[in-house]
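S.K.: structure for the following, please:
(2 chains)
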Amino acid sequence: MFRLKPADKPRKSASRSLPVTRYNAQVTEPKWQAKWRDSEVFKAERDVERPKYYVLEMFPYPSGKLHIGHVRNYTMGDLVARYKAAKGFNVFHPMGWDAFGMPAENAAMKNNTHPGTWTYKNIAEMKEQFAALGLSLDWSHEFATCDVEYYGQQQALFLDMLEAGLAYRKNASVNWDPVDMTVLANEQVIDGKGWRSGAEVERKELTQWFFKISDYADDLLSALDGLKNWPDKVQLMQANWIGKSKGLQFRFATKGAPAGFDELEVYTTRPDTLFGASFAGISADHPLAKALESNPEVAAFNAECRRTGTSAEALEKAEKLGYDTGIKVVHPFDSSIELPVYIANFILMDYGTGAIFGCPAHDQRDLDFARKYGLEVTAVVSPEGNDFSVETEAFTDTGTLINSRFMDGMDIESAKAEATSRIEAANMGEGKTVFRLRDWGISRQRYWGCPIPVVHCESCGVVPEKKENLPIELPEDINFDKPGNPLDRHPTWRNTTCPKCGGEALRETDTMDTFVDSSWYYARFTSSNADTPTTLADADYWMNVDQYIGGVEHAILHLLYSRFFARAMVKTGHLPERCIEPFNALFNQGMVCHETYSTKDEKGRDVWHSPDELVADGEGYKLRETGEQVNVGPSIKMSKSKLNVIDPIEQIEQFGADTSRWFVLSDSPPERDVEWTTSGAEASWKHLQRVWRMTVEIADENREGEDIALTKATHRAIADVTEGYEGFAFNKSIAKLYEFTAAIAKSKGDRRAAMRTMALLMQPITPHLAEECWEKLGGEGLAVQAAFPEANPTMLVEDTITMPIQINGKRRAEISVSKDASKEEVEKLALAHDAVIKALGGGTPKKLIVVPGRIVNVVV
RNA sequence: GCGAGCGUGGUGGAAUCGGUAGACACGCCAGACUUAAAAUCUGUUGUCCGUAUGGACGUGGGGGUUCAAGUCCCCCCGCUCGCACCA
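M.R.: Predicted structure coming up:
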């Protein structure tokens, strides 16, 4: 693995005897980066004469360290940007920083620095690392979401959304860490304890700000159909998340319930199965369940339910548990039927009404529950419409109603309609559409985020700040030596005057969820210096994002929030109407993986090792320090905990950015994970060296005469590489570039034109090498500004083609025929072939299939 | 548990419409160049039988449709991802 160290040679010998044929990326890459910068080739200007193309990669969190995953993500975006520019589009390719959030506060606590200092230092470092990649970015639109110019405009947006009724306050329960005095995210709660303090987490009710994303639930769902260039998977995930269901909400009359609970309201999507109901169930958090907690048994049962994990997986696998409350409900269609009411651990308070009726025959959970507690199981839908019973598997397919009196013989849809209209007629309930999607809680009790621009006034209540008082800036003089939100305990920052009455008032100290910051940055890029959130002229020209690229981990929240924000910005006049769906096309790239290396410590636990700690040892590796043999584990996503990380900066120093760019695109389809291997990276480096050697050779060559085969190969390469670029099949484009290289190497004719084409085809992937080759071959201007080659269709047609001949479906021979040979001609040629004559043995074929241009199959 | 996706040589992968399975790359092997090595170039390389011409087998396993299946259908196995018990 570490046999070859290419950079050792060029680095050491760069000033001495570097062979002319050695391409020195360490010198060349910064040279071209400077030229691009000086000639401002990536600066985008509005130009109505040309079609625009907005390429955007999800902007990074400024951790300070470029990760190899970034390299893959941003290389793909850069390829698209450079390719589209070469195709004549006016490309907009901006970059910025998703800079608010917890890591800066954690760093501030640990190192006693200001979150801003830490963040801006990271941005500076990361920007330098970005520069080394040679990306075609227009940095003139750069911003960080923690820039006051950005979050000030976000506050203006918030005020407009508040006015438009899209923001409101309500109570919500949070995970509260009583030691750190802070709200915890779900992932910060481990086994019911705070991740940092280890204290038992409490449930606490706080008044929080929400965005009314639920107003758009139906629209966000139905508009998914229009997102033709989004992955199906993401559309499906969003659809499931929004979770629309049509059902019936109705009230059971109760018997034996405490005062105030004369009725129990339930929601069901299967009103057709009402005659199969054998119990009613309520969540442990249902008001009725809480009202019964004076009974210690109920209190204990409810507490037990709340302790069970909250994830779907944990609950699905957990045993179904119920507590019979002794209360009965009366069947809405027959008052002589009474059903027991159970508190059950599989009912969610957050969905519907937190209460259900159970129909065991047609719902697996209800069936498991019924079997456990000995409840009746009556099938009311039958696949064939005849007598039918259910044992251990609930019947959830379509069928015909049975055992259901007035609904007998109906199909499910008519039965649903019938049951609903009867309930409605009896004034016991109504048909209702319910969404899973809940409103978006944006309040965070933290410092490093965008302050929510409202004040609390004793006499006027909650008052929005005036726009002319924006931005509400975060105070600089804060510290993290005490737990809690520094804004809360700041001596003066909270104190302000009420925008309405002018009296004394206190500022809101909650800041916004960082998902807010990333929900509109794509729009802000189009007018990054404006003193309004956007300007319509710029937004109208540059929006929408034509190609958005990022990881699938953002498939739901970020993308759904962004879609909501675009709607909110249209409503509040910050985006033109047609920008309601901001991302025309979405691409999710795969991860970068690497093998893992481990040894065992004295207790038999795994100890992980990074690739630089190893030396090759026969088939495997051993530790350089101790010589101990290491275990080679599977290739998994690079992670700090497993130490299977490759530092892109080291790679760039050794091989150059072009090699990394080429490699991350070469081996796997972009949407799949790619495995980083040293041998693969070396192979990429060798190939780029070969291209350079050929360029030098060809530049000095004085050959005459066109090699028609090479000309054809050139047009073939143009067509194939273009197809790969257009279809996000960059690995196939690279395969074609390898083939094209071999074709040029073989040619005995004039190879200059082919090699120039090669430079332009490679430019989107390996821009520095492409410039160097382009210049060496006498290309005019910069390769980055040259038009992308166009294939001549007449050069792509082969006059004769090879056609395989199958005998009984197995390939046995092939014939060479003219490309437009008729069916009859092909038949004649095929039947005259020795192999066919032999197979027929003098007889005639049973069947003869000729697919012109494709294949011949002789059945004997 | 539910939902989605995937499974092809020693390895990553290609085969876009049901029509030559294994493009391209890695690795391995052989040769050229070299005193030698590195670098570079050329060639071989799915497995098995055979000196060879050639043949058999082969896309996770089993069955099916078809002149023809990696591709379509059914059943099974394995892996990966998502999940808020969604009534």
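
S.K.: where in chain A is pLDDT low?
M.R.: Low-confidence regions of chain A, defined by pLDDT under 70, span residues A:1-21, A:173, A:184-193, A:195, A:202-203, A:307-318, A:604-605, A:616-620, A:633-635, A:639-641.

S.K.: ok and the residue in it nearest RNA strand B?
M.R.: Distances from chain A to RNA strand B, computed as CB to the nearest atom of the strand, single out residue A:346 as the nearest residue at 2.3 Å. C-beta coordinates here come from the backbone N, C-alpha and C atoms, glycine included.

S.K.: is it correct that that residue falls within a helix?
M.R.: No: Residue A:346 sits outside any helix when classified using DSSP: H, G, I helix; E, B strand; the rest coil, being coil.

S.K.: residues near it, how many?
M.R.: Taking other CB atoms under 10 Å as the neighbour definition, residue A:346 ends up with a count of 21.

S.K.: for the one 5 residues further on, same thing?
M.R.: Other residues lying near residue A:351 total 16 when counted by other CB under 10 Å.

S.K.: please name the nearest non-neighbouring residue to it.
M.R.: The shortest distance from residue A:351 to any residue other than its chain neighbours is 6.6 Å, reached at residue A:436 (CB to CB, 6 or more residues apart in numbering).

S.K.: phi, psi for that neighbour please.
M.R.: The main-chain torsion angles of residue A:436 are listed as degrees, to the nearest 10 and equal phi -70, psi -30.

S.K.: that one touches residue A:242, doesn't it?
M.R.: Yes: using CB atoms under 8 Å, residue A:436 is in contact with residue A:242, at 6.5 Å.

S.K.: more neighbours: which of the two?
M.R.: Taking other CB under 10 Å, residue A:436 and residue A:242 do not tie; residue A:242 has more neighbours (22 against 15).

S.K.: for the more buried one, give me its contacts.
M.R.: With contact taken as CB atoms under 8 Å, 6 or more residues apart in numbering, residue A:242 is in contact with A:217, A:220-221, A:435-437, A:560.

S.K.: out of these, which are close to RNA strand B?
M.R.: Of the entries in those, the ones placed beside RNA strand B under the rule of CB under 7 Å from any atom of the strand are A:436-437.

S.K.: can you add secondary structure and give the contacts of residue A:242 back as CSV?
M.R.: Supplementary listing: the contacts of residue A:242 in CSV, determined by three-state DSSP:
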residue, secondary structure
A:217, helix
A:220, helix
A:221, helix
A:435, strand
A:436, coil
A:437, coil
A:560, helix
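
S.K.: out of the contacts of residue A:242, which comes closest to residue A:106?
M.R.: If you rank the contacts of residue A:242 by distance to residue A:106 using CB to CB, residue A:560 comes first, at 27.0 Å.

S.K.: can you pull the contacts of that closest one?
M.R.: Contact analysis of residue A:560 by CB under 8 Å, 6+ apart lists A:213, A:220, A:238, A:241-242.

S.K.: and the gap between it and residue A:435?
M.R.: According to CB to CB, to the nearest Å, residue A:560 stands 12 Å off from residue A:435.

S.K.: go on, residue A:109?
M.R.: As it turns out, when the distance is counted by CB to CB, residue A:109 lies 39 Å from residue A:435.

S.K.: now residue A:819
M.R.: Distance of residue A:819 to residue A:435, given as CB to CB: 57 Å.

S.K.: residue A:773 now?
M.R.: Residue A:773 is 56 Å from residue A:435, by CB to CB.

S.K.: more neighbours: these two, which one.
M.R.: residue A:773 (28 against 17).

S.K.: helices or strands next to whichever strand or helix holds the more buried one in the packing?
M.R.: When elements are defined using DSSP states H and E, residue A:773 is found to belong to helix A:767-776. The helices and strands touching helix A:767-776, judged by 3 or more CB pairs under 8 Å, 6 or more residues apart in numbering; DSSP states H and E, are helix A:25-38, helix A:657-666, helix A:678-699, helix A:752-762.

S.K.: residues from the stretch 101-250 of chain A in reach of RNA strand B?
M.R.: Proximity of the stretch 101-250 of chain A to RNA strand B (CB under 7 Å from any atom of the strand) is limited to residues A:233, A:236-237, A:240-241, A:243, A:245, A:247.

S.K.: same thing but 6 Å
M.R.: In this structure, the stretch 101-250 of chain A approaches RNA strand B at residues A:233, A:236-237, A:241, A:243, A:245, A:247, judged by CB under 6 Å from any atom of the strand.

S.K.: now, which of the contacts of residue A:560 lie within strands?
M.R.: The strands in this structure, assigned by DSSP state E, contain none of the contacts of residue A:560.

S.K.: what two of these are the furthest from one another?
M.R.: A:213 and A:238 (12.0 Å).

S.K.: need the residues touching each of those two.
M.R.: Joint contacts of residue A:213 and residue A:238 (CB under 8 Å, 6+ apart) are A:220, A:560.

S.K.: what helix or strand is residue A:169 on?
M.R.: strand A:167-177.

S.K.: how about that strand: buried residues?
M.R.: Neighbour-count burial for strand A:167-177 flags A:167, A:172, A:174-177 (criterion: 16 or more other CB atoms under 10 Å).

S.K.: and stretch A:623-634, by the same measure?
M.R.: For stretch A:623-634, burial by neighbour count (16+ other CB under 10 Å) applies to A:623, A:630.

S.K.: cool, and stretch A:271-289?
M.R.: Residues of stretch A:271-289 classed as buried by neighbour count (16+ other CB under 10 Å): A:271-286, A:288-289.

S.K.: repeat for stretch A:23-37
M.R.: A:23-25, A:28-29, A:32-33, A:36.

S.K.: now do the helices in the stretch 551-700 of chain A.
M.R.: Residue ranges of the helices in the stretch 551-700 of chain A, as given by DSSP state H, counting those that start in this stretch, are A:557-571, A:648-655, A:657-666, A:678-699.

S.K.: how about the stretch 351-500 of chain A?
M.R.: Read by DSSP H, counting those that start in this stretch, the stretch 351-500 of chain A holds these helices, from start to end of the chain: A:364-373, A:412-425, A:486-489.

S.K.: look up the closest residue to residue A:29, ignoring the ones flanking it.
M.R.: residue A:768 (4.5 Å).

S.K.: count of neighbours near the one you found?
M.R.: Count around residue A:768 with other CB under 10 Å applied: 24.
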